[in-house]
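# Starting from these lines, generate the structure:
(chains A, B, C and D)
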Amino acid sequence: MKLPSDHKILMPYLTGGAVADWTDHLRALIDAGADAIEIGLPFSDPTLDGATIQEATHAALTRGATLRGILTRVSEVAGTVPLVASTYANLVVRDRDFCGNLRDAGFDGLIVPDLPLEECAEFENQDLDLVLLASPATTDERLDEIARRSRGFVYAVTVMGTTGERETLAASAADLARRLTNRCELPVLLGFGISTPAQAAQAAQLADGVVIGAAIMRRVLDGAGPAELGAYLRSIREAMDEG
Amino acid sequence: MKLPSDHKILMPYLTGGAVADWTDHLRALIDAGADAIEIGLPFSDPTLDGATIQEATHAALTRGATLRGILTRVSEVAGTVPLVASTYANLVVRDRDFCGNLRDAGFDGLIVPDLPLEECAEFENQDLDLVLLASPATTDERLDEIARRSRGFVYAVTVMGTTGERETLAASAADLARRLTNRCELPVLLGFGISTPAQAAQAAQLADGVVIGAAIMRRVLDGAGPAELGAYLRSIREAMDEG
Amino acid sequence: RQVEEAFRSAWADPAFRNQLAGLLATHVGRPTPLTPAVRLSAELGVTLLLKREDLTHTGSHKINNVIGQALLATRMGHKRLIAETGAGQHGVATATAAAMFGLSATVFMGERDIERQALNVFRMRMLGAEVVPVRTGARTLKDATSEAMRHWVGATEDSYYCMGSVLGPMPYPWMVREFQRVIGDEARRQCATALPTAVPDYVVACVGGGSNAAGTFAGFVDTTAKLVGVEAEGGAGASRGTLGVLHGVRSMFLQDDDGQVLEAHSIAAGLDYPGIGPEHVHLRDLGRARYVTVDDAEVVEAVVRLARTEGIVAALESAHAVAWVIRAAADGTLPAGSTVVLTLSGRGDKDISALKELL
Amino acid sequence: RQVEEAFRSAWADPAFRNQLAGLLATHVGRPTPLTPAVRLSAELGVTLLLKREDLTHTGSHKINNVIGQALLATRMGHKRLIAETGAGQHGVATATAAAMFGLSATVFMGERDIERQALNVFRMRMLGAEVVPVRTGARTLKDATSEAMRHWVGATEDSYYCMGSVLGPMPYPWMVREFQRVIGDEARRQCATALPTAVPDYVVACVGGGSNAAGTFAGFVDTTAKLVGVEAEGGAGASRGTLGVLHGVRSMFLQDDDGQVLEAHSIAAGLDYPGIGPEHVHLRDLGRARYVTVDDAEVVEAVVRLARTEGIVAALESAHAVAWVIRAAADGTLPAGSTVVLTLSGRGDKDISALKELL
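Residues are numbered from 1 along each chain as shown, chains lettered A, B, ... in the order given. Model (predicted):
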């Protein structure tokens, strides 16, 4: 996938099917300046997500969201900015055509947080960019391998733990960002725990861009419409662009 | 003690202190033709009594009956017919003057159903006749010893088990009575399970007399006054005398 | 008397003893471990070894005795076991042995205990036993014992009375002690390797009727170990009782001046009996064992402390012994560095609901 | 990854293995007996031997594994254990081991299981563990596991994840199997004297995640014994699952066509998990073990039958294995005269209130 190199990258996250009008939210995020969008494909056991995205996932499955349904809706929107699917290994390993189906729907990349590096091989070099994750606990040696094998960008998890909003950006974020950018030609996006414009701006200074997930889904679950969500993302965009 | 030898002996039983006017009952029983009276001295754990006498015992203790109180009341009545105390070993072994106190209050004999033959020695040849018990399970050898060592009379327990009214007189009664009367110069009284005049008459044929316990206490607990109780005992007396 | 002869002959018969030893190994889980209570020992400044009767099948030492008596009953040709029970541990053990030997079981239990120990009642019924509610007196263990004995007197032909403690008429106190001495004999052997001195300075066990203590002491009575029986403050037959006769045995009982036997009151239903076995009176009179009491509050504290330091939730009964060791180590009654063997007579699962209300 | 290295090094270290073996002997009560189920065997026409994990400390095989992992955690310098639990048996075992080693313990448990298994929750708290209610999903074991893992990901520095079954990421399935193989190794040795053939015809164990079965099978996998894993009708990962990935392991899970993992439903909370350990998939694919299912009604019947014939109240989980043997003996699947070793993984005390409602 092609991400912009002339400004800091902003990638909001949205759980597919969490609310009825989720593709309206998706369009609003694009209109508000998203450089790419991460779309969560709901899985029954989101073991690496925090409370907010768990809740969004549960809402989506309860509403009857299915993989096929989400892909159909995505294909209506695809083509404007890169779309990255994120989901769990169970959905990925059971279907030989999984990556192809995502590609056909318009996805450009895939994130599978519970897929160990050792088991990534069969999903690399498919039709889709397999985006790898790094965390503060990742050794330098392993970072080298992640930097070499990741496609599209590297997703840097800024704190140990699960997704979710946090008051301050973890100190470990700076260290990880430095270690990654030193060895990586791909863009490095920081995620997990970023919610305010100030945090986003700060994080963007450390790396090539940020992912905003739980902060968005909290607003969606609390009933924010596309316009409100767009306004929120715009505030982030502006803070990042001002630096 | 001296029991009559010219007619069948009738010995009713009364729990001391079970009701307020129990000495009136006692007098009524004497007036109705009792040849002797067994008076139960209440013990907290009447392990060898059936439900009726347990209930009477519990009533007496709940009313605050004490050994001293019962002895005082007995001494008012003593002197007309032989009086036999019955109680449990715990009351007997703890007080060196137990037998003497009973004698002083006017008792002539003592029955301690839970005192093994092996431990009777220290209570024999005291001021009081120690009446021994025999049951259908007692061996002939042991019956010989009981016949030799008992004083006043021998108490023949006609069925295995505890005191209480029963529908029919156990067959084992006849056998035990025969075995005992064959080897015993003392009167043999049959007890446990006799309640109707017909049973009393039948039992009296087998031995020298009968003890009526639970049938009396059932009536007392159900509120029978001295007159009613006397009438009941008189019906037993008449049946026995008619033979 | 028949029981006495039968036990004498069985106990002298190597085939009987081998069969019993085999069953204790395959069905009860003997030998039970002697567990060093490492962390609690360090806190108390003594070396505490726990004899783990809580790990036996059904969860208390009661099973040792019951298997022995059930084997004897089978040998005598009986088809039914009669037993009394308080907290239900002896009842569960009896129901278990009856199931193993294909006997029927009738267990007498006070109505109040039936309410308090509903789960053990259900366990007994699961095992096929008939549980008879006793409605006399305080409707607890003493009344259940009386009623069971009454019932047995009328059923001696086909039924065997399975006594739960070192109580009742001869040969029960002796026989139950012999069936429980496996606790003491094993612990003695285990001490030989577990302790440099081979023999501990102290041997401690809780005392209700006193069967686990009698069995434990039996293994150490001929050594230099000091024997300590720990009673419940409200059920202290040895400490506060006077001589008397109850349930066919002459021993020490809690009673009033008139000779009426009192109700015991303890947080531990298994110690809720007003008397102790005659052997304990004997050991006390000889000065060979001493008997002490602890109160309910100390017991609850001891349960929690043992759980937190050793990962063992002890029965409230057994926790009496633990409570005394904790107190005695603190006040110097147990000199620092003493070695102590303590019989943990049972596990506390049965007491969890009671503790829940207390904590 | 750190765990894997640590386990490899510990497992190769004779000092670690000796220390573990010592703790299993002194604190867990190993070896557990191999009990001949004499009366039930006679009724079924087979020779049934029960490997008695119900007699271990805390009442189930879970403790074997937990002691091993707690020892490893201590060796790694961790101060805290994190665990998931369903019925509470693994939670109680973890709380117990934590108390023994002076570690703190945090146990994640679904809110619904907390209500259903209130007594085990209280046991854990008595032992000093923190029990964290999980309110996501169906609020049972699967959700508790997810939440425990989430929590651990943020606390790997000071905390050790103590997995309860042969599940989770490497090295857990392997490590837990190794810690549980003591069941199979002991049973194998015991068979050498208990059976004229030295090796049984069948080895049977219940399978939830499959740790007691994995440990049992490990002792017999190189013999001629036929291995049978018995699953719950409503939690039959091996029998009705499809390949998937959950909680860090690639194995068989109950799932719908979309790959959403289903909730398991079994009368036995310990089998209420939609997947099985990967080793069982392997054994099945090799044809070395077969996996069968029994339904809730058969299980309840089996609990009662075992109680009435052998005096053993088994856990509902373990009764699955008993239920299959009863059925297989009746329909000829088990030829008359077969010798069968069955692992009785735990005791049924925890299930008494559930059974009470059913019977």
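
# any bit of the helix or strand hosting residue C:352 sitting next to chain D?
Using DSSP states H and E, residue C:352 maps to helix C:352-358. Yes. Using Cβ under 8 Å from any Cβ of the partner chain, helix C:352-358 reaches chain D at C:352, C:353, C:355, C:356. Any C-beta I mention is one placed from the backbone N, CA and C, and that applies to glycine too.

# buried set for that helix?
C:352, C:354, C:355 (16 or more other Cβ atoms under 10 Å in any protein chain shown).

# Now do residue A:78 against chain C, distance only.
Residue A:78 sits 58 Å away from chain C, going by Cβ to the nearest Cβ, to the nearest Å.

# can I have the helix holding residue C:352 written out in CSV, keeping just the CAs?
The C-alpha coordinates for helix C:352-358 follow below in CSV (Å, rounded to 0.1, in the frame of the first residue of the first chain):
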residue,chain,number,x,y,z
ILE,C,352,-16.6,-22.7,54.2
SER,C,353,-20.2,-21.5,54.5
ALA,C,354,-19.7,-21.2,58.3
LEU,C,355,-16.5,-19.3,57.8
LYS,C,356,-18.1,-17.1,55.2
GLU,C,357,-20.6,-15.8,57.8
LEU,C,358,-17.8,-15.2,60.3
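
# helices or strands up against it?
With contacts taken as 3 or more Cβ pairs under 8 Å, 6 or more residues apart in numbering or on different chains; DSSP states H and E, helix C:352-358 sits against helix C:296-310, helix D:118-126.

# Least confident of the residues of helix C:352-358 next to chain D?
Checked by pLDDT, those have residue C:353 as the lowest-scoring entry (81).

# just checking, that residue touches residue D:119?
Yes. Judged on Cβ atoms under 8 Å, residue C:353 makes contact with residue D:119 at a distance of 7.2 Å.

# Get me the contact residues on chain A for chain B.
Close to chain B, as judged by Cβ under 8 Å from any Cβ, chain A has no residues.

# ok so, going back, will you turn the helices and strands packed on helix C:352-358 into CSV that also has distance to residue D:335 and mean neighbour count?
Formatted as CSV, the helices and strands packed on helix C:352-358 follow (distance: least, Cβ to Cβ, whole Å; neighbours: other Cβ atoms under 10 Å in any protein chain shown):
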stretch, distance to residue D:335, mean neighbour count
helix C:296-310, 47, 21
helix D:118-126, 40, 22
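
# Nearest approach to residue A:178 belongs to which of those?
Nearest to residue A:178 among those is helix D:118-126; the distance by Cβ to Cβ comes to 43.1 Å.

# list the helices and strands whatever helix or strand residue A:10 lives in packs on?
Per DSSP H and E: residue A:10 is located in strand A:9-15. Where contact means 3+ Cβ pairs under 8 Å, 6+ apart, strand A:9-15 is packed against helix A:22-31, strand A:37-40, helix A:51-62, strand A:209-212, helix A:214-221, helix A:226-242.

# now these in a markdown table, with mean neighbour count?
Below are the helices and strands packed on strand A:9-15 laid out as a markdown table (neighbours: other Cβ atoms under 10 Å in any protein chain shown):
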| stretch | mean neighbour count |
| --- | --- |
| helix A:22-31 | 21 |
| strand A:37-40 | 26 |
| helix A:51-62 | 21 |
| strand A:209-212 | 26 |
| helix A:214-221 | 23 |
| helix A:226-242 | 18 |
